[in-house]
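Peer 1: fold the following and give me the result.
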Amino acid sequence: MKIIQTVTVKQILTEKSREKLSAKYNQQKQQLQKECDQLLFEMKKLERTRKFSAVGLKAQFDKEIDLRKEKIKLIDFQIEQLGMLPYGSELKDQDVQALVEIEIGDNWEEIMKGKTVIIKDGIISEIRER
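Peer 2: Residues are numbered from 1 along each chain as shown. Sure thing, here's the model as predicted:
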């Protein structure tokens with residue numbers, strides 16, 4: 001019988017992976033800033049049509065813009081933390097699903113501990129039992 005199990009994927013921080021992560025964070029930050037600018041533009045456009053309540057409209061747009069600004073602050077914090085981490089640090093990258101073969105007589109506790117996949121510069125360097 002097969003079951004689905006969650007496997008944690010961790011990335012070892014190297015110069016190459018730091019650059020990739022930094023670029024990814026900066027791209028996300030730019031995207032969020034574009035969304036803020038687009039929301040401001042849309043708000044001003046809708047204010048000119050006067051079909052909607054100006055107060056309610058502004059409150060809704062401000063809420064969306066503030067949400068994105070909070071995400072930008074979080075990304076700034078992540079960029080700062082990334083700069084402080086020493087090379088060789090393990091960063092959780094993602095969780096993936098894996099099929100695991102189980103049979104009668106298997107130790108359930110051992111199976112449920114799961115596995116962790118360690119990646120270094122895009123190459124699997126280790127598979128650990130948790």
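Peer 1: for the rest of this, base every contact and every neighbour count on C-alpha atoms.
Peer 2: Will do.
Peer 1: tell me where the chain has helices.
Peer 2: 15-49, 54-84, 108-113 (DSSP state H).
Peer 1: what's the offset of the shortest one from the middle of its chain?
Peer 2: Distance of helix 108-113 from its chain centroid, counting by CA atoms, centre = their mean, to the nearest Å, is 28 Å.
Peer 1: redo the helices of the chain as CSV? Include mean pLDDT.
Peer 2: Shown next, in CSV, are those (pLDDT from 0 to 100):
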stretch, mean pLDDT
helix 15-49, 93
helix 54-84, 92
helix 108-113, 90
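Peer 1: what's the closest of those to residue 2?
Peer 2: When the helices of the chain are compared by CA to CA, helix 108-113 sits nearest residue 2, at 11.6 Å.
Peer 1: export only the CA atoms of the closest one, formatted as PDB.
Peer 2: In PDB, the C-alpha atoms belonging to helix 108-113 read as follows (Å, rounded to 0.1, in the frame of the first residue of the first chain):
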ATOM      1  CA  TRP A 108       4.600   3.200  11.900                       C
ATOM      2  CA  GLU A 109       6.500   5.700  14.100                       C
ATOM      3  CA  GLU A 110       9.600   5.600  11.800                       C
ATOM      4  CA  ILE A 111       7.400   6.100   8.700                       C
ATOM      5  CA  MET A 112       5.600   9.000  10.200                       C
ATOM      6  CA  LYS A 113       8.900  10.800  11.200                       C
END
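Peer 1: and that helix, which residues are buried?
Peer 2: Neighbour counts over helix 108-113 (16 or more other CA atoms under 10 Å) mark no residue as buried.
Peer 1: ok, now stretch 80-87?
Peer 2: Residues of stretch 80-87 classed as buried by neighbour count (16+ other CA under 10 Å): residue 82.
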